[in-house]
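**Q** sequence and computational prediction follow.
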Amino acid sequence: MASLIEELPKIIERGKKEAQKMLDGLSEKNRITLQTNELVLPTKSKGGYFGQSVKEDVKHEWLNRVIYGDNILTMQALLAGDPQTGMSSMRGKIDLIYIDPPFDSKADYRTKIHLPGTDIEQKPTVIEQFAYSDTWKDGTVSYLQMMVPRLILMRELLSEQGSIYVHIDWHAGHYVKVIMDEIFGKDNFVNEIIWKKTNSPKAQSDSFGNQHDTIFLYSKNLTRIFNQSYKEPDENYLKSFMYDDNDGKGKYQTIALSNKTSLGGFGKMKDWEWKGVTARWIYSKEKLDDWHNKNLIVKTKSGYRKKYYLNESPGQILSDLWVDKSTSPIQGLSDEQLNYGTQKPETLITRIIKASTNENSVVVDFFAGSGTTGAVAEKLGRKWIVSDLGKPACMIMRKRLIDQESKPFLYQSIGDYQKEQFEKSEFKTIGDLSQVIVNLFGALPFPEEKGIPSNLGYIKNGKTLVYVDSPTKMTGYNSLKKAQEWRGQLGYDKVVVLGWNFVAEISQVLPRFQDELDNEKLKILVIPHDLLEKLRNKVSYDNLIKSGKIKFSSLQYLKIKPIKKKEYNKEQDEIEIELDDYILLSPDVLPLDQENKEKLEKVIEDDPLALIEYWSIDPDYDGEVFRSKWQDYRENTDNDGDKFRVIKKAKLIVPKVKGKRKICVKAVDVFGFESVAVEEVK
């Protein structure tokens, strides 16, 4: 087997080709896009929900974004632009990228979910598992193969004055440094920063305890933004202010006024004489005279120096060794603590953002985790985009930003994610994929000569037709109607519709069109979202057929009680919205072991609404963009003190409208699944 040193040039070459293919595809008609799930106008439920007035939607030239999905797809979408929300291509527009990619091949990526009376542990989704296993399947080689194309796309996104900080540890840091030299240019390497990540390193029997991470800082070119940073003075720095004239101005040290070297641009300066001393003065004669008149110049054996008072010092200039208390790791009882494994302290990210951005700069984090980068950028008045592959991470970010009453932001995902997966798969046509789904469901395909579409199959004994919808479509009324038409035409008793993605109001489609859709003869099931990840090749397909482990689940859906409305005053109405029930996907399709499935089933039996992690309301839903104008979520104890449950009722004060008002309620459960209920009120 070749050594890593031998493999490195090949890894870089493959990564460059992969990245170039992505860049070439940005102008294609079917380029990767972003799908807006929610426009969040933070209005956190506080201190009781009665009489709470929702925020009005306003137009923004820029909207910050939380994006769920594989970050390499996110980068392509940002490079292509997002016309639906008015965002042009972000190529060359980002001043700062900070990333903290996972670099521990043995990390435990399970998520602990706290529910009333019990805790359950969720394994990563299959999409996440594949991402992690791909990253480490061949050890460091796989990790570097994952990083190269991403770093190339990040360079494309950086502005001419932009910088990138890559937070890494000892597993692969030295190899990443070599790769970054190649991608960003060795001359654009700025610093190797050492950050003290723990105050108490774990004791090691055969080595020194590891106590630091490394942060590599590179710039796009030499014209980068850099604002001088300072830290709290240490004891040695304070001791350097050893002089005191006892004139009430305090202690001072002396600093040089001339330079004896030709380095740092001083080679072009000439020696000249001031007050009897010939030197290469750093400052003008006028400035030196002014300081002299103010008694700020000290005569020394070799010339002159300037007094520099402690009380005028902004602090001690920061070096590349960050071991000071101001960026200490998060402690257990900290207000920042979100119990997220890779969470970094806000002070660390604050230092980075202040150093390498100006107000109005765009800051991006593609491995956002708990969302510290977005939270800090928001506080500092910067624009921001954060992205993560984990649904739990995105949920934490959304709640965190609402908690700090951020400006409105978009919650987005990769548009047509199943479509992207399909296009990367080995299936040549959607018909080929449909035939595979038919077989995995346990049905039989129709013979080709009968002229029946390839997305249909049948179960012989049950006289049941199976209709497989396309991964590039949203299953809704039209698909269900077509499936029923084929059932009637072919003479089957029932039809099962298997769908990948569903229209938001799918739970309302069935009762609303009950007669047309003949619900008693119709069953809707969900194709597992991660199935295309599992169907990577024929071997994996054969294994799935043999195992019979593919579970097609029923739709999860949210039920709300009839909405109440009454007049609040001449201009406003009061609407009351109350959650009624929540039907979850079958526990069998969730990434849980048997013990945790049993715990979950008990919670579902006792209180299904306890599974709601977050719910929000759009009281004026336009059928296209969900504008979240009111939110409640677990751990919001400002309203009822129960951190394990959301409140079940909200009363909102809204402007009167003519005619009907369409109200949309969105709920996200503890596993990240979203459900929507839509109701019209006269």
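**A** Ah, there it is.
**Q** any idea which residue sits dead centre in this structure?
**A** Ser387 (2.5 Å; Cα atoms, centre = their mean).
**Q** report the distance from stretch 579-596 to the chain centre.
**A** 24 Å (Cα atoms, centre = their mean, to the nearest Å).
**Q** sorry, back to before: which secondary structure elements does the one helix or strand the residue nearest to the centre of the chain maps to contact?
**A** Per DSSP states H and E: Ser387 is located in strand 383-388. Here strand 383-388 touches strand 64-68, helix 71-80, strand 362-365, helix 372-379, helix 391-403, going by 3 or more Cβ pairs under 8 Å, 6 or more residues apart in numbering; DSSP states H and E. In short, each C-beta sits where N, CA and C put it, glycine included.
**Q** between the ones you listed, which gets nearest to Lys460?
**A** When the helices and strands packed on strand 383-388 are compared by Cβ to Cβ, helix 391-403 sits nearest Lys460, at 38.8 Å.
**Q** for the stretch 1-150 of the chain, what spans make up the helices?
**A** Per DSSP state H, counting those that start in this stretch, the stretch 1-150 of the chain carries helices over the ranges 4-24, 71-80, 126-136, 140-157.
**Q** what packs against the last one?
**A** With contacts defined as 3+ Cβ pairs under 8 Å, 6+ apart, the packing partners of helix 140-157 are helix 4-24, helix 71-80, strand 94-99, helix 126-136, strand 158-168, helix 173-184.
**Q** look up the closest residue to Ile152, ignoring the ones flanking it.
**A** Taking Cβ to Cβ, 6 or more residues apart in numbering, and ignoring the residues beside it in sequence, Ile152 has Ala19 as its nearest neighbour in space, at 3.9 Å.
**Q** was I right to think the one you found contacts Met154?
**A** No - applying Cβ atoms under 8 Å as the test, Ala19 and Met154 come out as separate, 9.9 Å apart.
**Q** for the helix or strand in which Arg305 is found, packing partners?
**A** Here Arg305, judged by DSSP H and E, is contained in strand 304-309. If contacts are counted by 3+ Cβ pairs under 8 Å, 6+ apart, strand 304-309 sits against strand 252-256, strand 297-299.
**Q** ok, whichever helix or strand comes after it: who's next to it in the sheet?
**A** Using DSSP H and E, the helix or strand that follows strand 304-309 towards the C-terminus is strand 316-317. Using DSSP bridges, the strands paired with strand 316-317 are strand 230-231 (antiparallel).
**Q** so after the strand it pairs with, what's the next helix or strand?
**A** Downstream of strand 230-231, the first helix or strand assigned by DSSP H and E is helix 235-239.
**Q** by mean pLDDT, which helix or strand of the chain comes out lowest?
**A** helix 126-136 (a mean of 51; mean pLDDT, DSSP states H and E).
**Q** thinking again about what came up before, and the helices and strands packed on strand 304-309 as JSON lines, adding mean neighbour count?
**A** JSON lines is the format used below for the helices and strands packed on strand 304-309 (neighbours: other Cβ atoms under 10 Å):
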{"stretch": "strand 252-256", "mean neighbour count": "16"}
{"stretch": "strand 297-299", "mean neighbour count": "15"}
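**Q** which residue packs closest to Glu576, ignoring adjacent ones?
**A** Lys564 (4.1 Å).
**Q** so how far is Leu63 from Val676?
**A** 21 Å (Cβ to Cβ, to the nearest Å).
**Q** just Asp213 next, same as before
**A** According to Cβ to Cβ, Asp213 stands 32 Å off from Leu63.
**Q** cool, Tyr230 as well?
**A** From Tyr230 to Leu63 the distance is 33 Å (Cβ to Cβ).
**Q** which one of those two has more residues nearby?
**A** Relative neighbour count places Leu63 above the other of Tyr230 and Leu63, with 20 against 13, counting by other Cβ atoms under 10 Å.
**Q** isn't that one right next to Leu41, touching?
**A** No - Leu63 is beyond contact range of Leu41, at 10.6 Å (criterion: Cβ under 8 Å).
**Q** what do these two both touch?
**A** Listed as contacting both Leu63 and Leu41 by Cβ atoms under 8 Å, 6 or more residues apart in numbering are Pro408.
**Q** just to revisit the earlier point, please identify the most buried of the helices and strands packed on strand 383-388.
**A** strand 362-365 (a mean of 26; mean count of other Cβ atoms under 10 Å).
**Q** any idea how far it is from the middle of the chain?
**A** Strand 362-365 has its C-alpha centroid displaced from the chain centroid by 11 Å (Cα atoms, centre = their mean).
**Q** what helices or strands is it leaning on?
**A** In this structure, strand 362-365 makes packing contacts with strand 94-99, helix 372-379, strand 383-388, judged by 3+ Cβ pairs under 8 Å, 6+ apart.
**Q** which residue packs closest to Thr327, ignoring adjacent ones?
**A** If the residues on either side of it in the chain are set aside, Thr327 comes closest to Leu348, at 4.5 Å by Cβ to Cβ, 6+ apart.
**Q** helix, strand or coil: sort out that neighbour for me.
**A** The three-state label given to Leu348 by DSSP: H, G, I helix; E, B strand; the rest coil is helix.
**Q** Trp195 is in contact with that one, correct?
**A** Yes - taking contacts as Cβ under 8 Å, Leu348 lies within contact range of Trp195: 6.7 Å.
**Q** most distant residue from the middle of this structure?
**A** Going by Cα atoms, centre = their mean, the residue of the chain most distant from its centre is Gly276, 63.2 Å out.
**Q** just give the number of residues close to Thr350.
**A** So Thr350, with other Cβ under 10 Å, has 17 neighbours.
**Q** sheet-wise, list the partners of the strand holding Arg305 with their directions.
**A** Using DSSP bridges, strand 304-309 pairs in its sheet with strand 252-256 (antiparallel), strand 297-299 (antiparallel).
**Q** please state the offset of the longest one from the chain centre?
**A** By that I understand strand 252-256. 47 Å.
**Q** what's the answer for the shortest one, then?
**A** Relative to the mean C-alpha coordinate of its chain, strand 297-299 is positioned 56 Å out (Cα atoms, centre = their mean).
**Q** and for stretch 441-453?
**A** Between the centre of stretch 441-453 and the centre of its chain there are 42 Å (Cα atoms, centre = their mean).
**Q** show me the contact partners of that stretch.
**A** Contact partners of stretch 441-453, identified using Cβ under 8 Å, 6+ apart, comprise 431, 435, 438-439, 454, 456-460, 464, 466, 486, 490, 496, 498, 550, 552.
**Q** same thing with stretch 195-210?
**A** Defining contact as Cβ under 8 Å, 6+ apart, one finds that stretch 195-210 is touched by 167, 169-170, 211-215, 322-323, 327-329, 348.
**Q** how many neighbours does His212 have?
**A** By other Cβ under 10 Å, the residues close to His212 number 17.
**Q** Tyr252: what's it in contact with?
**A** Shown in contact with Tyr252 (Cβ under 8 Å, 6+ apart): 241, 243-245, 307-310.
**Q** okay, and the beta partners of it?
**A** Note on Tyr252: beta-bridge partners by DSSP bridges are Tyr243, Tyr309.
**Q** how much space separates it from Phe216?
**A** Distance from Tyr252 to Phe216, by Cβ to Cβ: 37 Å.
**Q** what's the answer for Phe367, then?
**A** Computed as Cβ to Cβ, the Phe367 to Phe216 distance reads 14 Å.
**Q** what does Thr327 give?
**A** Taking Cβ to Cβ, one finds Thr327 at 17 Å from Phe216.
**Q** buried ones in the helix or strand Val436 falls within, by neighbour count?
**A** Using DSSP H and E, Val436 maps to helix 430-440. Across helix 430-440, burial judged by 16 or more other Cβ atoms under 10 Å covers 430, 433-438, 440.
**Q** tell me which of the residues you listed is nearest to Gly315?
**A** Nearest to Gly315 among the buried residues of helix 430-440, with distances taken as Cβ to Cβ, is Leu433, at 60.8 Å.
**Q** quick check: the closest one touching Asp469?
**A** No - counting by Cβ under 8 Å, Leu433 sits too far from Asp469 to count as a contact (10.9 Å).
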